[in-house]
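Colleague: I need the structure of the sequence given here:
(2 chains)
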Amino acid sequence: MAKVPMPKEKWSGAVGSMALGDGSVSLGGVKGMPFLSFEDPQKHRPLLAGEVVDDISDFPSIVLKQFGTSAEDPVSWAMEWKSKGADLICLRLLSTDPERNDTAPEKAAEIAKKVADSTGLPLIVYGSGIAEKDAAVMEAVGKALEGHRSILAYVEEDSYKRMASTAVAHKHAVLAFSNLDINLAKQMNILLSDFGVDRGDIVMDPLMAPLGMGLEYSYSVNERIMLAALSGDRMLQVPMVCDASQAWQVRDCSEEDDALGDAAERAAWWEFATALAALLSGADVLIVRGAKAMDLIQEAVNDMGGHA
Amino acid sequence: MPTAIEFFKFLPKTNCGECGHPTCLAFAMQLANQKVSIDACPYVDPSAKGKLEESSAPPVRGFNVGVGEKTVRMGDETVLYRHERKFVNPTAFAVTVTDTMTAEEISATVAHYSSMVFERVGMEFRLDMFTLRDGTGDPDSYVKAVKCLSENTDWPIILLSDDPEVIRPAAELIKERRPLIYSADRSNVEQMASMAAALGLPLALRDDTLDGMASLVEDAKKAGVEDLILDLGSASMKQVLENNTAARKVSLRRTFKGLGYPLMNCVGSGERAVMRAMLSVMKYGSLVIFESIEAQQALPLMTLRQNIYTDPQVPIQVKEDLYPISDPDTASPVLFTTNFSLTYFTVRADIEKSRQPVWLQVVDTEGLSVLTAYAAGKFGPEHVSAALEASGALQKSDGPIVTPGMVAKLSGKLEEALGRKVLVGPMESGSLPKFLKGLKG
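Modeller: Modelled structure (predicted):
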């Protein structure tokens, strides 16, 4: 009988690993292309982060319905995620936006601290996307979460120093954002390293474009990043965060239209497809918005052999 | 693929020029680039030709299922990662009817799936094939059902049974339609393969292991079937991912020759089926057979297929047109942007977020983004005003024209050309909601 040789690659590199929270949650450390046990026999399980926001005024009603009254309070929302098996909480402090509530950094840090203390899970903390305010917010958040190692999100090419300093000072990891460009992704990691952030404290977000809005670009950029990291490019050997919640930005993800089938179900699959593309192209951490999508993603991760 | 030098060795080296190239070396280089056929040289040694054809055979065999307009092409793939070149023939999706259904049920099912069509970014998404599953084990009932099915659809048909005697009369009846026979396994490969060979039809092989599949392929080829598609199992996502990846990898790397065929997955129905199908789309599946699928699952699945099979070297473009967002009227502002799909989607999403009525004019920039198009001279005031005039935007609205902030320089010339007020929008699309709300106030 014919004997087919297994196409096992001899990779010279691996994605760096890192511990979060009290040290018991670890991520990264992949030694082969995602979920191929013949390349990397250790069962790699990416971490799944449940998204919580502190201002639900613009939030999709389909998701709010899934979480009921717990969505009114970040702590109970995060606890709900924990009971659903989330590994991390992605906390977005939207209310700090000067155009919204302009919540003060100290007040925002209190929310983050409460979520961390109640769940015991590591956090990925985002501000409102206003760079200057975010840097101030993260200064307070980073201090409040000291001893509970989390990921501060996010820094960009033209504004990274203040948030990176906060991460270093309080021993958190920092999320380096780049816009669909492998060279820029690498450049960000170099910039941060040169600034004094240890490579083991950097995670990167190369921008996961959602299904129907450029997913294929991200899929290929992520694959190229993975291939380069495994081939030995040290400056790309940092864990990758992909944000599947962006799927909800796409109109046909959740718009009510009978011809497109049930909106809540469709949205779950829209987010799932985005997530699966991220997982297959190299995500170490996945940010998830929908409860139903989370169920599907957990099942897929287990079914691909990623369970511990 | 042989290199130019390998081709050159087999050429007469006379530089006669009869192939249309000045020298044998120039011809060899074109051969290596797959631009010309070896047949263009009248003097090449026939035995060498055989050798060259074998080593330049595509790593994944391609063939058609079905005939006419709805023909599905499978295989012809050349790369493991889409950025290396592109994925060629998109995954086909099949849904299933059975011979336990009445004729009315078959035609209703066919009608239901045939109308499951979605429009997205100017493209039409639909399913591709129907499978007829043997639910009775009775050749008469099966042939009756295939008659009914083939009268109801012009889509390619898959004949599904593990009993060659059930398949045979049906396959004979519609062999002109070039159906796919699914499937042969270790227990029936001789009968199935000799039938497929006699009828000249493509055949699906099923085995969960790479080694077992390789020996099935040998048997099928011995019986005379060349158009094969391989089902390496769909019991778990792990099986789909690892078997498909390994089979494709050894074929492309040419470390093993016997698995160079299109791959498929038979996934059933329900949530697990959709998960496996999405995985198969990304990981080398040329065909996915569903028992059934719902619209809310089909749209994301087909969008995923369209995304993954996009040529990475050709940006997806949106049609040049005037797009109304949130019911604009004669007072609504007219924004414009390029036809690069990512730019369009981003701008559109940000406008929708503002909940303000807007006319969005897309200008054909051959798929370039705002700054690149401007730098390349494809997004000048003359292009923008021509597009606005062609779409009738200037008649539909008296509102202000808004230029993207990155090309603020356009505003002066555009104002001159149009004789209308032109405002400069924000640098980043993300600031549009704020900008648009400001316009209103």
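Colleague: lowest average confidence, helix or strand, in the chain?
Modeller: Just so you know, I chose chain A. Taking all helices and strands of chain A together, the one with the lowest average confidence (mean pLDDT, DSSP states H and E) is helix A:251-254, at a mean of 89.
Colleague: that's the other chain; I wanted chain B
Modeller: helix B:46-55 (a mean of 73).
Colleague: Close to chain B: what parts of the stretch 201-308 of chain A are there?
Modeller: Neighbours of chain B within the stretch 201-308 of chain A, by CB under 8 Å from any CB of the partner chain: A:209, A:211-217, A:219-220, A:223-224, A:227, A:249-252, A:259-263, A:265-266, A:269-270, A:272-273, A:276-277, A:280, A:296, A:299-300, A:303-305. For the C-beta atoms, the positions are set from N, CA and C on the backbone; glycine is no exception.
Colleague: Pull out the buried residues from the least confident helix or strand of chain A.
Modeller: By neighbour count with 16 or more other CB atoms under 10 Å in any protein chain shown, helix A:251-254 contains the buried residues A:D252, A:C253, A:S254.
Colleague: Quick check: next helix or strand after that helix?
Modeller: Beyond helix A:251-254 in the direction of the C-terminus, DSSP states H and E gives the next helix or strand as helix A:263-281.
Colleague: Which strands and helices lie in contact with whichever helix or strand comes after that following helix?
Modeller: Beyond helix A:263-281 on the C-terminal side, the first helix or strand identified by DSSP H and E is strand A:285-288. Counting contacts by 3 or more CB pairs under 8 Å, 6 or more residues apart in numbering or on different chains; DSSP states H and E, the secondary-structure elements packed against strand A:285-288 are strand A:47-53, strand A:241-243, helix A:263-281, helix A:291-303.
Colleague: Kindly reformat the ones you listed as CSV containing mean neighbour count and mean pLDDT.
Modeller: Listed next are the helices and strands packed on strand A:285-288 as CSV, based on neighbours: other CB atoms under 10 Å in any protein chain shown; pLDDT from 0 to 100:
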stretch, mean neighbour count, mean pLDDT
strand A:47-53, 25, 98
strand A:241-243, 28, 98
helix A:263-281, 27, 98
helix A:291-303, 20, 97
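Colleague: Adding distance to B:I181 as columns, could you present the ones you listed in TSV?
Modeller: Putting these into TSV (distance: least, CB to CB, whole Å) gives the following:
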stretch	distance to B:I181
strand A:47-53	42
strand A:241-243	41
helix A:263-281	31
helix A:291-303	29
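Colleague: follow-up on the earlier one: CA atoms only for the least confident helix or strand of chain B - export them in CSV, please.
Modeller: These are the backbone C-alpha positions of helix B:46-55, laid out as CSV (Å, rounded to 0.1, in the frame of the first residue of the first chain):
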residue,chain,number,x,y,z
PRO,B,46,8.0,13.3,-29.2
SER,B,47,9.4,11.2,-26.4
ALA,B,48,10.8,14.4,-24.8
LYS,B,49,7.5,16.0,-25.2
GLY,B,50,5.8,13.2,-23.2
LYS,B,51,8.3,13.6,-20.4
LEU,B,52,7.9,17.4,-20.4
GLU,B,53,4.1,17.2,-20.4
GLU,B,54,4.2,14.8,-17.4
SER,B,55,6.5,17.1,-15.3
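Colleague: That one packs against which elements?
Modeller: Using 3+ CB pairs under 8 Å, 6+ apart as the contact definition, the elements that helix B:46-55 packs against are helix B:4-10.
Colleague: Where does the stretch 51-200 of chain B get nearest to chain A, which residue?
Modeller: The nearest approach of the stretch 51-200 of chain B to chain A comes at B:H83, 4.1 Å away (CB to the nearest CB).
Colleague: can you tell me which residues contact that residue?
Modeller: Residues touching B:H83, when contacts are defined by CB atoms under 8 Å, 6 or more residues apart in numbering or on different chains, comprise A:S220, A:E223, A:R224, B:P312.
Colleague: Could you dump those residues into JSON lines with pLDDT, neighbour count and secondary structure added?
Modeller: What follows is the contacts of B:H83, written out as JSON lines (pLDDT from 0 to 100; neighbours: other CB atoms under 10 Å in any protein chain shown; DSSP: H, G, I helix; E, B strand; the rest coil):
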{"residue": "A:S220", "pLDDT": "97", "neighbour count": "20", "secondary structure": "helix"}
{"residue": "A:E223", "pLDDT": "98", "neighbour count": "21", "secondary structure": "helix"}
{"residue": "A:R224", "pLDDT": "98", "neighbour count": "19", "secondary structure": "helix"}
{"residue": "B:P312", "pLDDT": "88", "neighbour count": "16", "secondary structure": "coil"}
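Colleague: Distance check, the closest residue to B:F345 other than its chain neighbours against B:L342.
Modeller: The shortest distance from B:F345 to any residue other than its chain neighbours is 4.6 Å, reached at A:M213 (CB to CB, 6 or more residues apart in numbering or on different chains). For A:M213, the distance to B:L342 under the criterion CB to CB, to the nearest Å works out to 7 Å.
Colleague: More neighbours: those two, which one.
Modeller: Under the neighbour definition other CB atoms under 10 Å in any protein chain shown, A:M213 and B:L342 were set side by side, and A:M213 has more, 25 against 18.
Colleague: For the more buried one, grab phi and psi.
Modeller: Listed backbone geometry of A:M213 is phi -140, psi 40, with angles given as degrees, to the nearest 10.
Colleague: Relative to B:I316, how far out is it?
Modeller: The spacing between A:M213 and B:I316, counted by CB to CB, is 11 Å.
Colleague: can you count the residues close to the closest residue to chain B within chain A?
Modeller: When distances are taken as CB to the nearest CB, chain A approaches chain B most closely through A:G261, which lies 2.8 Å from it. Using other CB under 10 Å, A:G261 is surrounded by 20 other residues.
Colleague: Same question for B:S354.
Modeller: 19.
Colleague: Quick check, pLDDT for it.
Modeller: We have a pLDDT of 87 for B:S354.
Colleague: ok, it to chain A distance?
Modeller: 11 Å (CB to the nearest CB, to the nearest Å).
Colleague: residues in contact with that residue?
Modeller: B:L432, B:P433, B:K434, B:L436, B:K437.
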